[in-house]
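> Build the 3D model from these lines:
(3 chains)
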Amino acid sequence: MRTAPISTPVDGAFVHPVRTDDDLAAFHRWMDCRHIIAVDTETSGLSFQAEARLIQVSDATAAWVFDAQRHPLVVDELANGEFTMICHNAAFDAIVLGRLLADYHGEGLPYPPVVLGREVENLMSRMIDTQVLAHLVDPRPKEDGGRGHALKVLADHYLGAGSVDSQDALKVRFRELGISAKDGFAEVPIWDEVYVRYSGVDPILTFRLYEVLAPMVDELGLTKLAAFEQEVATVCAAMTARGIRVDLDHARATLAHLAEERVAAEREASIYGVHNVHSPAQVAEALLVRGVELTERTEAGAWKMDKAVLSGIDDPVARAVQKAKAASKAASSWITPLIEQAEVDGRVHARVRTVGARTGRMSVHGPGLQQLPTTDWRVRRCLVPDEWQSIVLCDYNQLEPRVIAYLADEQNLITAFRDGVDVYSAIAERLYGVGFPTEKRALAKQALLAKIYQAGPKRLAAQTGVTEVVATQTMNAFDRAYPRLARWSKRLIETCKFNGQVVTTASGRRLPVTRGTEYRAVNHLTQATAADIFKGSIVNLARAGHAERLLMVVHDELVLQADEQVAGEFGEIVTDVMSGVLGEVPISALAKVAGPSWGHPYMPVEFVNA
DNA sequence: TGTGCACGCGCG
DNA sequence: AAAGCGCGCGTGCACA
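Sure thing, here's the model as predicted:
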């Protein structure tokens, strides 16, 4: 008995539920000799351990839909087949399928991290991600004049307007069934016709999207870059699957301390009438009442009440508000997410968007491990290595300054890098002469960063505390001391204004130029080139056979774990992999053995031995 | 109740 | 003529 196919709003496309032996036989006849298919999964939610509900396999017109919990052999076939799998956001599906495989192989929760990582790596290595391809063709997010990279908008654009939105259709269906939008994906009956229809439509659109994007990728000269991104994504998906162990005892104890700190500071603030420290309007009001002069306004015209403003106000209200906000920030932005997002295995499995930024930089979320504070060591202290392992941190030395020196062919900077001297001191020396006052080093450093970010004197002044006049003099002196850098930036911006729609990095990565903000191209080119170098180190680490040691990536830093006894040597191996040259510019990295937690290098000495 | 914007703040 | 780039994510607040 065959189950009746379900029609779809997509032209010529049908969805075949696989519920009987005859359905399965028909699927196998369809699959025979295929070398490329689209794969998608539906889950009960978006968290790492969300339950798999449906698995969909398709070409451009036919989708086959499986009950994920009832078809172990299909998952095995996907994992061990010879075909390529097209997915939209492949890491998500690879992890869902990898967890199913671990289940079927009798691993059960919690999965051994390395086993799960290998399943995911194997699956990922045979997937092509249309989200990545779309990003390479046009990396602009919605908020930045682009389309973003959601399946729906990409289908609309590349396959013709009016494509169906499965998410919207499903939300309507959830409402019909009387289920909240939040719980819909967990509670909608597996064989609900609407659910199955739209679950099948997604891989069909993904397959069609691939057929359009693949030739574009080739025509734009992005074939090699796409393969490179694929390797990066494979390493990062396996890293997510393995996760990082959380010291939950330490996390809970820290949370309690932070609550005490917050309560004490809030009590202090409430004496002065501030009952909500997170309401800038209320804080401003309380300060004005106390006769404090406010000058800065926000974009929307309200009184600016950020850290920079508050720290410049000598008043108990400002101090109490800052203290309360700091404690609350640490608790709700980091410690609580670490506790809540730790899975049954006691680990966080942060996801990596390998093409997260429009520059090709990666971003991490769920939780956002790239933003953990460096000043409050208690937060990173919550993340610990596996048994008998030691955390090792390896980061590039001044990667972006080296990159911009290379791009601009600025010999006056390149010389400093080649000589291996402290580059910020070298800049200060060029600006202020031998024996410059030590505090000038920080100004010189910020001046270089200002060139990288295309900041002006106003910003440099605010950042460093010098007057705007001094900041202007500094920037001018910088341009005289590094004339090739100044000329390169100026020419790049002019070229972009004249005929620039897109600039490309050496890897071929496309960086669209937005009219009116052509100056950003200087930063985009620098940041994107640095991102390519960083990703190269990940690929090389994998090729050297050490990818399984990777715990997290933070823009120019690799967080790894290694056997305690060899952690120091391992750090050297990794920094060797990371190091190299960019033209004449040496690219170097430094390893640090952190030991029992990611937070240890950030602790004051008296804590380390305690 | 859910959503989007403004603001703030952490990182590189 | 002048321009601080790139993210994730929490709270407050207005509005559907």
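> Give me the pLDDT value at the residue most central in space within chain A.
Computing the C-alpha centroid of chain A and ranking residues by CA atoms, centre = their mean puts residue A:363 first, at 1.0 Å. Per-residue pLDDT puts residue A:363 at 95.
> Chain A against DNA strand B: which residues are in contact?
Counting by CB under 7 Å from any atom of the strand, the residues of chain A close to DNA strand B are A:180-182, A:280, A:298-302, A:304-308, A:310, A:322, A:325-326, A:329, A:333, A:368, A:370-375, A:527, A:554-557. (Each C-beta comes from the backbone N, C-alpha and C, glycine too.)
> of those residues, buried ones?
Buried positions within these, assessed by neighbour count (16 or more other CB atoms under 10 Å), are A:280, A:304-305, A:310, A:322, A:325-326, A:333, A:370, A:372-373, A:527, A:554-557.
> Which of those residues fall in helices?
Residues of those located in helices (DSSP state H): A:280, A:310, A:322, A:325-326, A:527.
> measure the closest residue to DNA strand C within the stretch 1-150 of chain A to residue A:150 for me?
At 5.3 Å from DNA strand C, residue A:141 is the closest residue in the stretch 1-150 of chain A, using CB to the nearest atom of the strand. Residue A:141 is 10 Å from residue A:150, where distance means CB to CB, to the nearest Å.
> rewinding a little: also near DNA strand C: which of the buried ones among the residues of chain A next to DNA strand B, exactly?
A:333, A:370, A:527, A:555.
> Run through the residues that contact residue A:548.
A:114, A:117, A:238, A:242 (CB atoms under 8 Å, 6 or more residues apart in numbering).
> Please repeat the previous calculation with a cut-off of 6 Å.
Residue A:548 makes no contacts at all, as judged by CB atoms under 6 Å, 6 or more residues apart in numbering.
> Spell out the secondary structure type for it.
For residue A:548, the assignment made with DSSP: H, G, I helix; E, B strand; the rest coil gives helix.
> With the one 4 residues further on instead?
Assigned with three-state DSSP, residue A:552 falls in the strand class.
> if I look at the spatially closest residue to it that is not a sequence neighbour, how far off is residue A:327?
The shortest distance from residue A:552 to any non-neighbouring residue, by CB to CB, 6 or more residues apart in numbering, is to residue A:559 (4.0 Å). Note on residue A:559: its distance to residue A:327, by CB to CB, is 26 Å.
> likewise residue A:281?
In terms of CB to CB, residue A:281 sits 21 Å off from residue A:327.
> which SSE is residue A:506 in?
Assigned by DSSP states H and E, residue A:506 belongs to no helix or strand.
> To clarify, my last question referred to residue A:317.
Secondary structure assigned from DSSP H and E places residue A:317 in helix A:316-329.
> Export only the CA atoms of that helix, formatted as PDB.
The C-alpha trace of helix A:316-329 is given here as PDB (Å, rounded to 0.1, in the frame of the first residue of the first chain):
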ATOM      1  CA  PRO A 316      26.800  58.000  44.000                       C
ATOM      2  CA  VAL A 317      23.900  57.400  41.700                       C
ATOM      3  CA  ALA A 318      26.100  57.000  38.700                       C
ATOM      4  CA  ARG A 319      28.400  54.600  40.600                       C
ATOM      5  CA  ALA A 320      25.500  52.500  42.000                       C
ATOM      6  CA  VAL A 321      23.900  52.200  38.600                       C
ATOM      7  CA  GLN A 322      27.100  51.100  37.000                       C
ATOM      8  CA  LYS A 323      27.700  48.500  39.700                       C
ATOM      9  CA  ALA A 324      24.200  47.100  39.400                       C
ATOM     10  CA  LYS A 325      24.300  47.000  35.600                       C
ATOM     11  CA  ALA A 326      27.700  45.200  35.600                       C
ATOM     12  CA  ALA A 327      26.400  42.500  38.000                       C
ATOM     13  CA  SER A 328      23.200  42.200  36.100                       C
ATOM     14  CA  LYS A 329      25.000  42.000  32.800                       C
END
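> Return the set of buried residues in that helix.
Judged by neighbour count (16+ other CB under 10 Å), helix A:316-329 contains these buried residues: A:317-328.
> of all the residues you listed, which comes closest to residue A:169?
residue A:328 (39.6 Å; CB to CB).
> Please name the nearest non-neighbouring residue to that closest one.
residue A:262 (5.1 Å).
> what's the neighbour count on the one you found?
Other residues within reach of residue A:262, judged by other CB atoms under 10 Å, total 21.
> related to what we said a few turns ago, would you mind confirming that the residue nearest to the centre of chain A is in contact with residue A:352?
No - if you go by CB atoms under 6 Å, residue A:363 and residue A:352 don't touch, sitting 7.6 Å apart.
> need the helices for the stretch 51-200 of chain A, in chain order.
Here the stretch 51-200 of chain A has its helices, by DSSP state H, counting those that start in this stretch, at A:72-80, A:90-104, A:113-125, A:130-137, A:151-159, A:166-176, A:181-187, A:193-219.
> Same list (these) but as JSON lines, adding mean pLDDT.
Formatted as JSON lines, the helices of the stretch 51-200 of chain A follow (pLDDT from 0 to 100):
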{"stretch": "helix A:72-80", "mean pLDDT": "90"}
{"stretch": "helix A:90-104", "mean pLDDT": "92"}
{"stretch": "helix A:113-125", "mean pLDDT": "95"}
{"stretch": "helix A:130-137", "mean pLDDT": "96"}
{"stretch": "helix A:151-159", "mean pLDDT": "91"}
{"stretch": "helix A:166-176", "mean pLDDT": "83"}
{"stretch": "helix A:181-187", "mean pLDDT": "83"}
{"stretch": "helix A:193-219", "mean pLDDT": "95"}
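> Looking at the ones you listed, which is nearest to residue A:543?
Using CB to CB, the helices of the stretch 51-200 of chain A put helix A:113-125 closest to residue A:543, at 12.8 Å.
> who does that closest one touch, helix- and strand-wise?
Counting contacts by 3 or more CB pairs under 6 Å, 6 or more residues apart in numbering; DSSP states H and E, helix A:113-125 packs against helix A:90-104, helix A:223-242.
> just those helices: most buried one?
Compared across those, helix A:90-104 shows the largest average neighbour count, a mean of 24 (mean count of other CB atoms under 10 Å).
> That helix near DNA strand C at all?
No - Helix A:90-104 is not in contact with DNA strand C by CB under 7 Å from any atom of the strand; minimum separation 13.2 Å.
> What helices and strands are in contact with that helix?
Counting contacts by 3+ CB pairs under 6 Å, 6+ apart, helix A:90-104 is packed against strand A:36-43, helix A:72-80, helix A:113-125, helix A:223-242.
> tell me the contacts of residue A:380?
Residues in contact with residue A:380 (CB under 6 Å, 6+ apart) are A:372, A:598-599.
> The same query, at a cut-off of 10 Å, please.
A:334, A:369, A:372-374, A:391, A:559, A:594, A:597-603 (CB atoms under 10 Å, 6 or more residues apart in numbering).
> Distance of it relative to residue A:252?
From residue A:380 across to residue A:252, the span is 16 Å (CB to CB).
> Restrict stretch A:565-572 to CA atoms and write it as PDB.
C-alpha atoms of stretch A:565-572 as PDB (Å, rounded to 0.1, in the frame of the first residue of the first chain):
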ATOM      1  CA  GLN A 565      51.400  16.700  30.200                       C
ATOM      2  CA  VAL A 566      51.800  17.900  26.600                       C
ATOM      3  CA  ALA A 567      49.800  21.100  26.600                       C
ATOM      4  CA  GLY A 568      52.800  23.400  26.200                       C
ATOM      5  CA  GLU A 569      54.200  21.400  23.200                       C
ATOM      6  CA  PHE A 570      50.700  21.200  21.700                       C
ATOM      7  CA  GLY A 571      50.400  25.000  21.900                       C
ATOM      8  CA  GLU A 572      53.700  25.200  19.900                       C
END
